[in-house]
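S.K.: Sequence and computational prediction follow.
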Amino acid sequence: MENYLYFRKIRTVKATHAQTGTQQEMTASFLTADIGVAANNDNLNEIAAISVTSLDGGGTGHASVLFNPTTIVPTLAYSTDARAVATGSVHWIEPSTQAYANGKLTLDAHSDAGGYTLDTGDIITVYFKTGLETACMYPASSYLGAKSTDADTTTLRFKSILGTASDDIITVEHASGGFEALVQMINDAVNGYPKEGKLISVIDGSDGIMSTLNGNPAGVTSIEYAPQGGAAGMAT
């Protein structure tokens, strides 16, 4: 029986950012330690919820989405009705209508339904979904090979899960010169333990902590998964 190879990208349950300006775009990307490589994080479908916590009541939100932490969460009915907010109050933002690129959110202003006008010091919190392109598993026989893209990037190719001619690709960021160690790790996963139909966790970034088979000899820092067929939530 062949082994099955399991990969999961780095992903925390949530990531937060303290706004250092009044623009609607986050003033810095979420940390690589939280979401992986920022340039590969553009997918709103991975976001379950967004909240904004007001530092000092300087922003503007909606009466229909405002609640205090000590009260029962109301039914969300987004509107464009503006309301001054209270210090420390929490506002829930409609994720699907926002913009997300390179690990940065750009929020609609309060004049748009489901938006919020940010102020300096506001805390933006994103709660991530599980599943989608965050994890994948392939039989060892589907592994086609590895290619060094540059000193710290390797692409792993697998037969498409759809059985079509194009390949599924896992892009791995690792320490400079880590290609050989990464290929050896994949070889161990394919051929080791011995071939007893085991599920081998090759690369796992659960809870924002990167761990790999054999103690991370390649210095893996993040992975991105791009299946040939794509799907709702898949990174492309």
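M.R.: All right, it came through fine. This is a predicted model, so every value here is computed, not measured.

S.K.: Can you give me the buried ones in the helix ranked longest in the chain?
M.R.: Counting by DSSP state H, the longest helix found in the chain is helix 179-191. For helix 179-191, burial by neighbour count (16 or more other CB atoms under 10 Å) applies to 179, 181-183, 185-186, 188-190. Every C-beta, even on glycine, is put in place using the N, C-alpha and C of the backbone.

S.K.: swap in stretch 191-208?
M.R.: By 16+ other CB under 10 Å, the buried positions in stretch 191-208 come out as 198, 200-206, 208.

S.K.: A49: which of these is nearest?
M.R.: Nearest to A49 among these is G208, at 17.7 Å by CB to CB.

S.K.: next one: the longest helix of the chain to chain centre, how far?
M.R.: Relative to its chain's centre, helix 179-191 lies at 25 Å (CA atoms, centre = their mean, to the nearest Å).

S.K.: contacting residues around the following helix or strand past it?
M.R.: The helix or strand immediately downstream of helix 179-191 is strand 199-206, counting by DSSP states H and E. With contact meaning CB atoms under 8 Å, 6 or more residues apart in numbering, strand 199-206 is reached by 3-11, 36, 137, 172, 185-186, 189, 192-193, 210-213, 220, 222-223.

S.K.: what about A48, how many neighbours?
M.R.: Look at A48: counted by other CB atoms under 10 Å, it has 13 neighbours.

S.K.: Quick one: work out the angle between the longest helix of the chain and strand 199-206.
M.R.: Interaxial angle of helix 179-191 relative to strand 199-206 (axes from the mean of the first three to the mean of the last three CA atoms, to 10 degrees): 130 degrees.

S.K.: Leaving out sequence neighbours, find the closest residue to the spatially most central residue of the chain.
M.R.: Per CA atoms, centre = their mean, the C-alpha nearest to the average position across the chain is that of I35, at 4.7 Å. The shortest distance from I35 to any non-neighbouring residue, by CB to CB, 6 or more residues apart in numbering, is to N41 (5.1 Å).

S.K.: Tell me who's in contact with that neighbour.
M.R.: Counted by CB under 8 Å, 6+ apart, N41 has contacts 30, 35, 100, 102-103, 235.

S.K.: low-confidence ranges in the chain?
M.R.: 40, 63-77, 130-134, 195, 229-236 (pLDDT under 70).

S.K.: Please name the nearest non-neighbouring residue to A39.
M.R.: Spatial nearest neighbour of A39, chain neighbours left out: N102 (5.3 Å); criterion: CB to CB, 6+ apart.

S.K.: wait, isn't that neighbour in contact with D42?
M.R.: Yes - in this structure N102 lies within contact range of D42 using CB atoms under 8 Å: 6.8 Å.
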